[in-house]
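Peer 1: based on what follows, work out the 3D shape:
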Amino acid sequence: MGFNADDYITGQYLNAKVAKEKLVGKNLLIVEITKEEFTKADITKFKLALKFAETDKYLVLNSTNTSIMKEKFGSDTDNWKNKMIRLVITKTKYMGDLVDSILIDPEVKQVEETSSSKN
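Peer 2: Here you go, the predicted model:
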């Protein structure tokens with residue numbers, strides 16, 4: 001069998017298609033939060049991105065998902081690490097078309113850290 005071309009399109013970031021096929025409905029453990037830089041037409045913007053234990057791809061947070069994370073876990077992103085979330089696919093308008101979009105569902109039962117996991 002040849003290579004799966006989808007593996008080479010999405011790069012290091014999650015998109016709705018990959019999330020829908022592989023991650024929706026699963027509890028995902030946040031293991032890292034990064035600040036990503038994006039430049040378009042000489043304008044640089046920074047966005048937060050989440051890395052999960054269950055995939056090597058990062059989820060770049062739009063303002064909606066950033067607000068959801070802030071509301072649930074606070075402004076300090078250090079508090080987001082080791083939290084569980086789920087991803088939901090929803091529709092949103094983009095350039096006049098309805099497209100799939102990733103939305104964070106933070107209403108996942110959080111696993112308490114035990115003394116044995118701190119060692």
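Peer 1: most centrally placed residue in this protein?
Peer 2: Nearest residue to the geometric centre of the chain (CA atoms, centre = their mean): Leu59, 3.0 Å.
Peer 1: read off the pLDDT value for it.
Peer 2: pLDDT recorded at Leu59 is 96.
Peer 1: repeat that for Asp6.
Peer 2: Listed pLDDT for Asp6 reads 62.
Peer 1: and Glu21, by the same measure?
Peer 2: 91.
Peer 1: specify the beta-bridge partners of the residue nearest to the centre of the chain.
Peer 2: Leu50 (DSSP bridges).
Peer 1: residue contacts, it?
Peer 2: Tyr13, Leu14, Ala19, Ala49, Leu50, Phe52, Asn65, Leu87, Ile102 (CB atoms under 8 Å, 6 or more residues apart in numbering). In short, each C-beta sits where N, CA and C put it, glycine included.
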